[in-house]
Structure formats: C-alpha cells, structure tokens
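# got a predicted structure plus its sequence, pasted below:
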2 protein chains.
Amino acid sequence: MSASPLAPPSDPGALTPAEARALLHSGLDVPTAGWSTGFAQANLIALPREAAFDFLLFAQRNPKPCPVLEVLEPGEFHGGILGADSDVRTDAPSYRVWRDGELAEETTDAREHWTEDMVAFLIGCSFTFEHPLLAAGVPVRHIAAGRNVPMYRTSVQCRPAGRFSGRQVVSMRAIPAAQVADAVRISSRYPSVHGAPVHVGDPAALGIADLDNPDFGDPPVVDDGDVPVFWACGVTPQSMVMESSPPLAITHSPGKMIITDAPDTMYQVP
Amino acid sequence: MSASPLAPPSDPGALTPAEARALLHSGLDVPTAGWSTGFAQANLIALPREAAFDFLLFAQRNPKPCPVLEVLEPGEFHGGILGADSDVRTDAPSYRVWRDGELAEETTDAREHWTEDMVAFLIGCSFTFEHPLLAAGVPVRHIAAGRNVPMYRTSVQCRPAGRFSGRQVVSMRAIPAAQVADAVRISSRYPSVHGAPVHVGDPAALGIADLDNPDFGDPPVVDDGDVPVFWACGVTPQSMVMESSPPLAITHSPGKMIITDAPDTMYQVP
C-alpha cells in the first residue's frame, strides 16, 4: 500500500459517520479503528448475484466470523444502515479486488470493478465492542499504539455452504490477565459484531505459528502479563475467497472499514 | 384440525428430542410447548430453491421475527441441529401446505408435497426462553393451562426483501406487572430465539383488536395485574406467505414445532 497523500484527521473519533465518509471518499487510506466513536463499522464483501445465496448461507452457518448486519439490493450502493451520502464502492479507505481467488488489485475506489448485479454484504466488526472495552477500563493496545489490529488466518475450517469454504480469520487483542473475564463479559453482549472470544490463550492451538507476524494488519503490542485473546473476524470472507476462488469478489482491505450510521448500542444485548 | 388418535405423553418435558420426534413421526398432533425441556424448538418454512435467497434475505432483514437457526441443503431432510433420526418433513406434529398464498392443506406428513429442491429453514422459537422464565419464577400461563401460546398478526410491516413482504406476527405472554422487567431481562439473553419483547402493553398499538381472539394458537390466560407482553414470532413467515403468494411453501402449524438436538443454552448470551 502506498502512503496516502492526504493527512489523517487529528481526532477521528469525534467525526460523525458522514464526515468520516466524506474524508474517505476523497481517497484517505488509513485504518479506521477508533473512528466515529459510537457508530458501527462493517466489513464488506460484494459478490455477483448468482453467488449471493451461497454466501448468505455461508454467513448464516458461520455467525461468529460472519454476522450479517446488512445486505444491499443487487446493484445498490447505499441503504439500510448506510447513510444517504454513502457509496459502498468508495466508503472504505481501501478495497481488494479478487479474481479467481487471487488478489488482483488494491484500490481506494472500487467503482470501476463493480458490476451491475453486485450484492454488497456488510459484516459486523469487532471495533464495535472496543469502545465498551475502553469504557470499562480494558486497554485496547492497538488503538493506544495507533496501529491496525493484528489478524490471523487460523487452521479452523468454517462450515461450508454451496461453493464456499474457508479457514476462519481471527483478530487478537492482548488483555491483562486480570481483565480477560471483563473482556469476555463485555464483548459477549455484542453477538452481532463477533461477540465473545473464540479462543483465550495459546496461539498454536489455532495454528498460529508466530503471534508477531499477523497475516493482516499490524504486529501486536503485548505487555508483560497480557493474555492473547482471539475474536472471530470479518476478514474471514476474504479467506473464503482465497480458498473458494469465485470469478469476482470485492472486499474492504483488512482494518479499513465501512463506517455506518448504526449506533453501536443497536447491537447490544441484553 | 381433527383430534389425534394417539395419546399425548404424560410428561413431554422429560422426553429426549429423539424420543419426542419418534412420537411425532407416528402422527401425534399436539402443540409442543414444554416438550423436551432444555432443547430448542424451531419454526419451519420450506421453499423451492429459486425463492431461497429472497427468503434468507427477508430473514436477515427481520431478525427479530425470523432468526435463522439452520438452513438445510436443497432436498435434504436432516443435518445441522437436527438429529440423524430427523426428517424435517415429518418431525413437526402438523404442517401447512401453502399454494399461491392460500392454505391448501394441513397434514401430519409433508412428504408427498415436498419437491426435490425444497430448502428448509429453521427459525428460532420463543419456547426456548420459556424454561429460563419459569426457572426465574416468571409464570408462563399457557404452559400452566396446557394450551398453545396465543399468536397475533399485527399491523407492523416487516422490511421487504425481493418478492417477499408481510406483517409481523407476535406471540403474547401475560406477565405480572412486577415481573415484566425480569421477563425482558431474561428473554433478551436469547437473541437467536426472538430475544427481548417487541412491545409491552397496549395490544391496540400493534393493531390487535381483541386479545381474546388470537389469529393462531389458543386464547390467552390473563390474570388480574398481568401486563400483555409481545414477542416477535416465527409464524411471521406464514404471514409473509399469505401476503406474497409464492407458488409453494410448506410450514409447520403454529405452536406445533420441530424439536431439535440443540440445547437451549447454545443460544444464550452473554
């Protein structure tokens, strides 16, 4: 990824979703963790209409990594939890265009690759429970360090659906041992954005050989006494694309999300 | 509905799911509230493959009435949360066969109407949180009275998807005023089986003219000091069928559910 020519905002958390999207429409290419505090961010995968049922079924069968927040009508660019100013083809800081399971291009503007019958799926993002974690005094080290969250492709296979299969991707947050229970308790109140962790502790049990070398995002910050805690991640559809090789798929770039108009509290239970 | 020639079990709550299904396979036609305590029951709608995406999208857009627990492969009769002994075409006590939006037949055996590419969707059922309600001392009056739960077709329109639209159906439980908060708190921990109520109080605000005259199930039992509490209901797909008139749909009969192998606790958050 080339460095963005645009300067990031000094206080991205204070931006309204519409303000954030306006900046991102202009081509700013940075991770969005901590942006527009209190509003849900979403992972994106867009597929041609003929593949849409299989993917919706894949998501339904793998609700931890693929909680569906919104599905736009074929060919539509906004609606539902997206603002009227949204264009799902330019809302994300950066997109990945996949052809036959290979990363063909990374771009800040997906419009030229978008075919007429593309169906856009918005998938919940764990950024949504980071604000409640911080509010409860649980440190979120990648935000404090101004980094992207580290993400790993695990050895855990998702449940297949139709033509789609793939290994689960997880995000990792290093949590002080005394606060792991708080992190579980708080995140479990947000099942629509990955909910409770899928794994606490040993990375090797998930097939992660080197915690310092994530498959997506930035290397982690781990303090003494921290425990690695893993949450299912909305980059899983990209792992699915790599394994299932559909002719065309367009996703966001990991950590560079679609910012929605939906308040985080909409996804909180109980 | 004709009276069943078979005697209902004396303690249906003690039956394992497989035992319950065996009884129901033999043609017993009774409501299943209180059966196989601790195991999730499910609403059913089956549609031909070509309508499956639109319905899955309808469910995704209306997660309160249509939380999807399982989708079987086209033409499959068991799998996922259903036991190996299951046959989704005979597991329910009774089925409704819908042609062009009209109720064409009610039958204890749906096999002769099942076409080769039917896709069966299992939708969460509020019976799942009735056991936790009872465990917390909240009375569930229709179970105590040995009746089916009362269900009503409201004036509230679901969010449409493709060819499908319809008004939301709700189930009602009359709850003592001092325990309404408990009922909200406990049911909200089960978002996959309708979660928190959609309405507390005035039935007229939902377009329900006469609480004693439900559209499905049995008339309610309401004690002095009870408040009517309404939960989104998995009979909503039948309301959708009535309004959208697909050529063929097969559903369970309201209150006469598919009994799954999934423990209720699987659906509890946090």
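Now that the structure is in, tell me what you want to look at. Residues are numbered from 1 along each chain as shown, chains lettered A, B, ... in the order given.
# make it CA atoms for all contacts and neighbour counts henceforth
OK.
# so for whichever helix or strand A:Q168 is part of, what's the average pLDDT?
Element membership for A:Q168 (DSSP states H and E) is strand A:167-176. Averaged over strand A:167-176, pLDDT sits at 97.
# alongside chain B, which residues does chain A contribute?
Taking C-alpha under 8 Å from any C-alpha of the partner chain, the part of chain A that reaches chain B is made up of A:52-53, A:56-57, A:60-61, A:68, A:70-71, A:185, A:188-189, A:191, A:196, A:269-270.
# out of those, which one has the weakest pLDDT?
Lowest pLDDT among these: A:P270, with 82.
# ok, it touching A:S188?
No: A:P270 lies out of contact with A:S188 (C-alpha atoms under 8 Å); the separation is 9.8 Å.
# more neighbours: which of these two?
When neighbours are counted by other C-alpha atoms under 10 Å in any protein chain shown, A:P270 and A:S188 differ, and A:S188 comes out ahead with 22 against 18.
# now the helices for the stretch 51-200 of chain A?
For the stretch 51-200 of chain A, the helices defined by DSSP state H, counting those that start in this stretch cover A:52-61, A:130-135, A:141-144, A:180-187.
# among those helices, which comes closest to B:P214?
Distance to B:P214, taken as C-alpha to C-alpha, is lowest for helix A:52-61 among the helices of the stretch 51-200 of chain A, at 32.0 Å.
# which strands and helices sit next to the closest one?
Counting contacts by 3 or more C-alpha pairs under 8 Å, 6 or more residues apart in numbering or on different chains; DSSP states H and E, helix A:52-61 is packed against helix B:52-61, strand B:68-71.
# list the contacts of the longest one.
Read that as helix B:52-61. Under the contact criterion C-alpha atoms under 8 Å, 6 or more residues apart in numbering or on different chains, helix B:52-61 has outside partners A:52-53, A:56-57, A:68, A:70-71, B:65-68, B:119, B:159-165.
# over to stretch A:147-159?
Stretch A:147-159 has contacts (C-alpha under 8 Å, 6+ apart) with A:31, A:33, A:58, A:61-62, A:142-143, A:165-173, A:206-208, A:214-220, A:233, A:236, A:239, A:255.
# go again using 7 Å as the cut-off
The contact list for stretch A:147-159 (C-alpha atoms under 7 Å, 6 or more residues apart in numbering or on different chains) reads A:31, A:33, A:61-62, A:142, A:165-172, A:206-208, A:214-220, A:255.
# from the middle of its chain, how far away would stretch A:263-270 be?
Taking the mean of its C-alpha atoms, stretch A:263-270 sits 17 Å from the chain's own mean (C-alpha atoms, centre = their mean, to the nearest Å).
# which among the contacts of helix B:52-61 end up buried?
A:52-53, A:56-57, A:68, A:70-71, B:65-68, B:119, B:159-161, B:164-165 (16 or more other C-alpha atoms under 10 Å in any protein chain shown).
# circling back: with distance to B:E102 added, can I get the helices of the stretch 51-200 of chain A in TSV?
Listed next are those as TSV, based on distance: least, C-alpha to C-alpha, whole Å:
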stretch	distance to B:E102
helix A:52-61	26
helix A:130-135	48
helix A:141-144	56
helix A:180-187	45
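# out of those helices, which is the most enclosed?
helix A:52-61 (a mean of 22; mean count of other C-alpha atoms under 10 Å in any protein chain shown).
# using PDB, write out every CA atom in that one.
What follows is helix A:52-61, C-alpha atoms only, in PDB (Å, rounded to 0.1, in the frame of the first residue of the first chain):
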ATOM      1  CA  ALA A  52     -25.200 -14.300  -3.200                       C
ATOM      2  CA  PHE A  53     -27.300 -17.200  -1.800                       C
ATOM      3  CA  ASP A  54     -24.300 -19.400  -1.200                       C
ATOM      4  CA  PHE A  55     -22.500 -16.600   0.600                       C
ATOM      5  CA  LEU A  56     -25.600 -15.600   2.700                       C
ATOM      6  CA  LEU A  57     -25.800 -19.300   3.700                       C
ATOM      7  CA  PHE A  58     -22.100 -19.400   4.400                       C
ATOM      8  CA  ALA A  59     -22.600 -16.400   6.700                       C
ATOM      9  CA  GLN A  60     -25.600 -17.900   8.400                       C
ATOM     10  CA  ARG A  61     -23.700 -21.100   9.100                       C
END
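# secondary structure class for A:L47?
strand (DSSP: H, G, I helix; E, B strand; the rest coil).
# quick check: it vs A:V68, distance?
As judged by C-alpha to C-alpha, to the nearest Å, A:L47 and A:V68 stand 14 Å apart.
# just A:T236 next, same as before
Taken as C-alpha to C-alpha, the span from A:T236 to A:V68 is 12 Å.
# residues touching the closest residue to A:R111 other than its chain neighbours, list them.
Computed as C-alpha to C-alpha, 6 or more residues apart in numbering or on different chains, the closest residue to A:R111 that is not its neighbour in sequence is A:R89, at 5.5 Å. Applying C-alpha under 7 Å, 6+ apart, we find A:R89 in contact with A:77, A:109-111.
# buried ones among the residues you listed?
When the contacts of A:R89 are checked for burial by 16+ other C-alpha under 10 Å, the buried set is A:77, A:109-110.
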